[in-house]
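1. Let's see this in three dimensions:
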Amino acid sequence: QLQLAESGGGVAQPGGSLRLSCAASGSTLDSDAVGWIRQAPGKEREGVSCITSQGLTKYYADSVKGRFTISRDYVMNTVNLHMTSLKPEDTGLYYCVATVNAYCRNGEWASDFASRGQGTQVTVSS
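-> Reported below is the predicted structural model:
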């Protein structure tokens, strides 16, 4: 059974960077699309980024385009999210999810996924 675990969250200043990692155990991620979603207090859950199973296509929410980069490491069985130029509005609990390519392509990965990790907190504050 696939289990996901996020790491790399923390506190960063505005303009700073963080690198999140989603590690899989119990199974490989090779056949899954993997997405990152975030949940901030009082806000709706937001799909931040998604990468298809072969890594050929990547999707980003408009709010993070040009600042966040998603990547896959098939050897380490991880999916990473490199976040730069962080803003206070990036604050939230970040989860990685395993989904299918179709949901990655149509933007539905934030609501349609098979597995989800426990999340890692990102706080952007001066």
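
2. Make sure I have this right: Ser49 is in a strand.
-> Yes: counting by DSSP: H, G, I helix; E, B strand; the rest coil, Ser49 is part of a strand.

3. where's it relative to Gln39, distance?
-> 15 Å (Cβ to Cβ, to the nearest Å). All C-beta atoms are positioned from the backbone trio N, CA, C, and that covers glycine.

4. next one: Phe68
-> Taking Cβ to Cβ, one finds Phe68 at 16 Å from Gln39.

5. Who has more neighbours out of those two?
-> More neighbours surround Phe68 than the other of Phe68 and Gln39, with 22 against 14 (other Cβ atoms under 10 Å).

6. Please report how far Ser31 lies from Gln54.
-> For Ser31 relative to Gln54 (Cβ to Cβ), the value is 9 Å.

7. For Ala5, which residues are in contact?
-> The contact partners of Ala5, by Cβ atoms under 8 Å, 6 or more residues apart in numbering, come to Cys22, Ala23, Ser25, Gly117, Gln118.

8. Point me to the helix or strand that includes it.
-> Assigned by DSSP states H and E, Ala5 belongs to strand 3-7.

9. ok now that strand, how far from the chain's centre?
-> 10 Å (Cα atoms, centre = their mean, to the nearest Å).

10. quick one: average confidence on it?
-> Averaged across strand 3-7, the pLDDT comes to 96.

11. Ok, stretch 112-119 next?
-> 92.

12. Only C-alpha atoms, please: export it in CSV.
-> The C-alpha trace of stretch 112-119 is given here as CSV (Å, rounded to 0.1, in the frame of the first residue of the first chain):
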residue,chain,number,x,y,z
ASP,A,112,-9.4,13.5,-6.8
PHE,A,113,-6.5,11.5,-5.5
ALA,A,114,-5.8,8.0,-4.2
SER,A,115,-3.3,8.7,-1.4
ARG,A,116,-2.2,11.7,0.6
GLY,A,117,0.5,12.4,3.1
GLN,A,118,0.2,14.0,6.5
GLY,A,119,1.4,17.4,5.3
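
13. Go through that stretch and flag the buried ones.
-> Buried residues in stretch 112-119, counted by 16 or more other Cβ atoms under 10 Å: Phe113, Ser115, Arg116, Gly117, Gly119.
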